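Q: sequence first, predicted model second:
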Amino acid sequence: MPFKALGLSPNILRGVHAMGYTDPTPIQLRAIPAVLAKKDLIGSAQTGTGKTAAFALPILTNLGAHSSRGARVLILEPTRELAAQVETAFRDFARFTDITPLVVHGGVGYGHQRSELRKGVDVIAATPGRLLDFLKEGLKLDTIEVLVLDEVDRMLDMGFLPDVKRIILACPDARQTLFFSATVPPEIAAVAAFALRDPVRVEVGMNHSAAQTVSHAMYPVAQVQKFELLEALLERTEFDSVLIFSRTKHGADRIARRLKAANHAVAVLHSNRSQNQRTEALDGFKNGRYEVMVATDIAARGIDVAGISHVINYDVPANPEDYVHRIGRTGRALSVGDAFTLMAPEDESDVRDIERFIGKPIERLQLDGFNYAPYTARPPRAENQGNGGQGRFAQNRGNRQGGGQGGGHGGGRGQGRGQGGGQGRGPGGGQGRGYQGGGRGQSSQQPQQPQPKRQVSGTARHEGRSATTAPSADKPQSTVGRFISRLRGR
Ligand code: AMP
């Protein structure tokens, strides 16, 4: 169904076309009619699915034009970057109208935001803290007609729920509320129960799954060799831009320093940096000045940078949901991406939690030619032994890693079938975006030496994936769904 069949106004349709969108994404198809009908909505969607337009387009259609009565739409976001991104999306879609959006967040001066609020705006995209400051100054939300609570589970993680509740109470009861959360633990269920009225449920894709356009793999490595392996991966990966996640702010700074010393153009994004630094980092990463951005999980949710070709988890995230969000930074809007996770022996239980969460094992790969130190793994699983595993590095991995799923790099992008009958992929072993290696077709059965960066580039990603790790179409149960059923059962 094309956008124009969804009932959007002509001006908003022009904005959509100016953005280059041709067809609505599944969440847009489902959410737009419900939001246009002014229904409350509780939504979950895979990351990068077009959620912002799913609520922005019908909201803008319903707004019609600028009004001097005061702000009619309030969107709450957990981070400044997300608030800014959503405001930009509203601005883009509303470019053929006189509707005025404004972003309100901390870390910058009050003056501009205060004067814009006084002048009168239609849409406010805000983080809770700064908005509450303005409420204390006397800002009224009594003209709000639509309240969007986005990434509510993240707001819970960040301790914002009490602030969010205060803001909800400052909005009129007679309003439309849209609520987006990947998971609904009891605290969030309580907020939803008090914020929403008879919501329509929109659920797209798999809450627990990585975007299907992302190839992801684990790289087991001794903790002390992580940086070395990171450098080797960067050296041998044909990337457009790489987002590297660190668990801690200090870790992010340290990684960035070392990468800069190795002559990479690096941006750093975490909450200890000033807002100017954060904006400069994100803008520089978006416009290509920085090829690498090192970030904490502040960048894991929702940040939309076109063309992130690779996500590298320098640290395994402690929270399985963050794994899905982090790797969702690549492969957005059905473009393809690769995500690698450096996994030290001490991360194994977190990795098992992630695998349980996404409902399938994650491929283990080795970088061919990398001089691995001993990796003292937990005892290998029975199913990983004796059958040749995944490709021509089966013999290597036995020595190097004491088991695990192997895989490997070395042969370029082609089928990496080896003696074990399986497949490898990535820098050298099989396929995968832009890895250097020995070519595109069938790889040889001899491990290949690392090749200099950018001699052979590639784009194919999925051919040659092993059956055990190929994306599946299974649909894990949704916590949102369970929550709604509970609500309805009451
Ligand atoms: P979101 O999930 O809202 O962060 O959107 C992810 C990316 O998909 C953004 O870059 C959007 O501009 C893009 N996008 C959203 N809807 C569409 C669409 N219907 N067609 C193409 N790209 C889209």
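A: Sure thing, it's come through. Quick caveat: nothing in here was measured; it's all calculated off a predicted structure. Residues are numbered from 1 along each chain as shown.
Q: report pLDDT for the nearest residue to Asp347 once chain neighbours are set aside.
A: Nearest non-adjacent residue to Asp347, counting by Cβ to Cβ, 6 or more residues apart in numbering: Val316, 4.0 Å away. Placement of C-beta: from N, CA and C, glycine included. You'll see Val316 listed with a pLDDT of 94.
Q: let me know the helix or strand that Val316 is in.
A: For Val316, there is no enclosing helix or strand under DSSP states H and E.
Q: can you get me a residue count around it?
A: Val316 has 23 neighbouring residues, counting by other Cβ atoms under 10 Å.
Q: repeat for the one 3 residues further on
A: Each residue near Asn319 was counted by other Cβ under 10 Å, and the total is 16.
Q: how far away is it from the ligand?
A: From Asn319 over to the ligand the distance is 20 Å, taken as Cβ to the nearest ligand atom, to the nearest Å.
Q: ok so, going back, surely the residue nearest to Asp347 and Ile354 touch.
A: Yes - counting by Cβ atoms under 8 Å, Val316 touches Ile354, with 7.4 Å between them.
Q: need the overlap of contacts for the two.
A: Tyr323 (Cβ atoms under 8 Å, 6 or more residues apart in numbering).
Q: rewinding a little: contact partners for the residue nearest to Asp347?
A: Contacts of Val316 (Cβ under 8 Å, 6+ apart): Tyr323, Thr341, Leu342, Met343, Ala344, Asp347, Asp350, Val351, Ile354.
Q: would TSV of these with pLDDT, neighbour count and distance to Val16 be doable?
A: Below are these laid out as TSV (pLDDT from 0 to 100; neighbours: other Cβ atoms under 10 Å; distance: Cβ to Cβ, whole Å):
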residue	pLDDT	neighbour count	distance to Val16
Tyr323	88	27	32
Thr341	95	26	36
Leu342	96	22	40
Met343	95	26	41
Ala344	95	20	45
Asp347	93	21	43
Asp350	93	19	41
Val351	94	20	40
Ile354	92	27	36
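Q: make TSV out of these and add distance to the ligand and secondary structure.
A: Listed next are the contacts of Val316 as TSV, based on distance: Cβ to the nearest ligand atom, whole Å; DSSP: H, G, I helix; E, B strand; the rest coil:
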residue	distance to the ligand	secondary structure
Tyr323	18	helix
Thr341	22	strand
Leu342	26	strand
Met343	28	strand
Ala344	31	coil
Asp347	28	helix
Asp350	26	helix
Val351	26	helix
Ile354	22	helix
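Q: out of those, which comes closest to Asn371?
A: Of all these, Leu342 has the smallest distance to Asn371: 15.5 Å, by Cβ to Cβ.
Q: who does that closest one form a beta bridge with?
A: Counting by DSSP bridges, Leu342 is bridged to Tyr219.
Q: surely it and Val351 touch.
A: No - taking contacts as Cβ under 8 Å, Leu342 lies outside contact range of Val351: 10.9 Å.
Q: can you tell me the closest non-neighbouring residue to Leu196?
A: That would be Asp40: by Cβ to Cβ, 6+ apart, it lies 4.6 Å from Leu196.
Q: check Ala84 too.
A: Among residues not flanking Ala84 along the chain, Val103 sits closest, at 5.1 Å (Cβ to Cβ, 6+ apart).
Q: same check on Glu346?
A: Gln223 (6.8 Å).
Q: what does the pLDDT read for that neighbour?
A: Model confidence at Gln223, given as pLDDT, is 92.
Q: for Ala54, same thing?
A: We note a pLDDT of 95 for Ala54 in this prediction.
Q: now do the one 10 residues further on
A: In this prediction, Gly64 carries a pLDDT score of 96.
Q: for the stretch 251-400 of the chain, which segments count as helices?
A: 275-286, 320-327, 348-358, 394-401 (DSSP state H, counting those that start in this stretch).
Q: what's the neighbour count on the residue nearest to Leu196?
A: By the criterion of other Cβ under 10 Å, Asp40 has 20 neighbours.
Q: what's the neighbour count on Pro185?
A: When neighbours are defined as other Cβ under 10 Å, Pro185 has 12 of them.
Q: is it true that it touches Val152?
A: No - with contact defined as Cβ under 8 Å, Pro185 and Val152 do not form a contacting pair (10.1 Å).
Q: chain center to stretch 108-127: distance?
A: Here stretch 108-127 shows a centroid-to-chain-centroid distance of 28 Å under the convention Cα atoms, centre = their mean, to the nearest Å.
Q: now do the same end-to-end measure for it.
A: 12 Å (Cα to Cα, to the nearest Å).
Q: what's next to it, contact-wise?
A: 59, 63, 66-68, 70-80, 83-84, 86-87, 90, 94, 99-106, 130-131, 133-134, 137, 139, 275-276.
Q: wait, Ala53 sits on Gln28?
A: Yes - in this structure Ala53 lies within contact range of Gln28 using Cβ under 8 Å: 5.8 Å.
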